[in-house]
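Chemist: Could you look at this predicted model? Sequence included:
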Amino acid sequence: MAVTALRVARRPREFVGVRGRDAASYLQAMVSNDVEALGVGESCEALLLTPKARVIAPLVVLRRAVDDFLLLTEDGLGERVRATLLRSRFAAKCEIVLEEHSSIVVLGSVEGIPTTEYGVSAVEVLDEDREATIDDEELELMRIRAGTPRFGREIDDRVLPAEAGLDSRAVDFEKGCYPGQEPIARQHYRGRVNRTLRVLELDGGELPEYDAELELEGKVIGRVTSVTRDGDSVVALGYVRAEVPRDALLRLGTRLGTQLELPSPRP
């Protein structure tokens, strides 16, 4: 039987280590997911939030030992995460430090940290030297088609986690208090958001600018956040008013945009 070659992409990351006797309880009080429930070697997505539930940083939390966690965050956010955690540490007995690691995304069945960012079975593998076979443009296309938000594009201080779909993957609604819990819970139990993140396919042409306006029947109903090419077409992520039907044709200037279905099941 032929063996399918693994597909590999580089994944820019920054890393923060949290270790010590109070590491688990302190992180449990600071992030949006139930990290105390993780077994050694297990991981989960989580959010570090302001009291008003704006995202300071998206995280993947890996439990390396009973009292030792590694936080994976986006490139450029490591110091922001470290500084935020240090400011609130007070009497908690834990060390919070930046760490140096490398990360790759491997598509296929191998050992690693599961990731749902690309709409296919994939893992992140740390500190392993493999040659990249997927370039940045292809990985970005996969992310956009999977409807996965990225910090600095879909995630900024204008956006609440539920609008970006982060509540379904990075929030535990049964756990105890953490910064931002009250507005997160209020929006969840109210049951509605004003806008949702959607995948669009646009007529070919120039790539639209960040925050370019989307219209329906002459009214602005959303904005574009990420774009890339897929052959002769342009694929984009954007926020669209929740009441806009999923089958509606949207306009970006003179161009038409079709709303695409997310992969099933959605990551």
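Modeler: On my side now, so go ahead.
Chemist: who does the spatially closest residue to residue 151 that is not a sequence neighbour bridge with?
Modeler: Residue nearest to residue 151 in three dimensions, not counting chain neighbours: residue 74, with 4.6 Å by Cβ to Cβ, 6 or more residues apart in numbering. In this view, the C-beta of every residue, glycine as well, is placed from N, C-alpha and C. Beta-bridge pairing for residue 74 (DSSP bridges): residue 13.
Chemist: got a pLDDT number for residue 74?
Modeler: pLDDT for residue 74: 98.
Chemist: change the start of the numbering to 52 and stick with it
Modeler: Okay, using 52 as the starting number, the last item reads as residue 125.
Chemist: Give me the helices and strands touching the helix or strand in which residue 96 is found, please.
Modeler: Taking DSSP states H and E as the definition, residue 96 sits inside strand 94-100. Contacts defined by 3 or more Cβ pairs under 8 Å, 6 or more residues apart in numbering; DSSP states H and E place strand 94-100 against strand 106-116, helix 129-138, helix 218-221.
Chemist: you'd agree the residue nearest to residue 202 is up against residue 64?
Modeler: Yes - using Cβ atoms under 8 Å, residue 125 makes contact with residue 64 at a distance of 7.2 Å.
Chemist: For residue 291, which of the helices and strands packed on strand 94-100 is the nearest?
Modeler: helix 218-221 (17.6 Å; Cβ to Cβ).
Chemist: List the buried residues for the closest one?
Modeler: Buried residues in helix 218-221, counted by 16 or more other Cβ atoms under 10 Å: 218, 220-221.
Chemist: what does stretch 274-286 give?
Modeler: Result for stretch 274-286 [16+ other Cβ under 10 Å]: buried residues 274-279, 285-286.
Chemist: where does the protein dip in pLDDT?
Modeler: 52-55, 313-318 (pLDDT under 70).
Chemist: can you pull the contacts of residue 303?
Modeler: With contact set as Cβ atoms under 8 Å, 6 or more residues apart in numbering, residue 303 has these partners: 253, 259, 263-266, 275.
Chemist: now the residues you listed: which count as buried?
Modeler: Listed as buried from those are 253, 259, 263, 265, 275; burial here means 16+ other Cβ under 10 Å.
Chemist: In a markdown table, list these along with secondary structure and distance to residue 102.
Modeler: Below are the buried ones among the contacts of residue 303 laid out as a markdown table (DSSP: H, G, I helix; E, B strand; the rest coil; distance: Cβ to Cβ, whole Å):
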| residue | secondary structure | distance to residue 102 |
| --- | --- | --- |
| 253 | strand | 38 |
| 259 | coil | 34 |
| 263 | coil | 32 |
| 265 | strand | 31 |
| 275 | strand | 30 |
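Chemist: re earlier: could you check how many residues crowd around the residue nearest to residue 202?
Modeler: Residue 125 has 19 neighbours, counted by other Cβ atoms under 10 Å.
Chemist: So which of the buried residues of stretch 274-286 sit within strands?
Modeler: 274-279, 285-286 (DSSP state E).
Chemist: which residues in the stretch 152-301 of the chain form strands?
Modeler: In the stretch 152-301 of the chain, the strands defined using DSSP state E, counting those that start in this stretch lie at 154-158, 164-166, 173-177, 246-253, 264-267, 270-281, 284-292, 301-303.
Chemist: what packs against the third one?
Modeler: Same thing as strand 173-177. Here strand 173-177 touches strand 154-158, strand 164-166, going by 3+ Cβ pairs under 8 Å, 6+ apart.
Chemist: ok, residues contacting the last one?
Modeler: To tie it back to what came earlier, the one meant is strand 164-166. 94, 111, 113, 123, 156, 173-177.
Chemist: Make TSV from the ones in strands among the buried residues of stretch 274-286 and add distance to residue 243 to it.
Modeler: Below are those laid out as TSV (distance: Cβ to Cβ, whole Å):
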residue	distance to residue 243
274	20
275	23
276	21
277	24
278	28
279	30
285	30
286	27
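Chemist: what's the closest of these to residue 185?
Modeler: If you rank these by distance to residue 185 using Cβ to Cβ, residue 279 comes first, at 13.4 Å.
Chemist: and that closest one, what is it in contact with?
Modeler: Neighbouring residues of residue 279 by Cβ under 8 Å, 6+ apart: 188, 191-192, 195, 258, 285-287.
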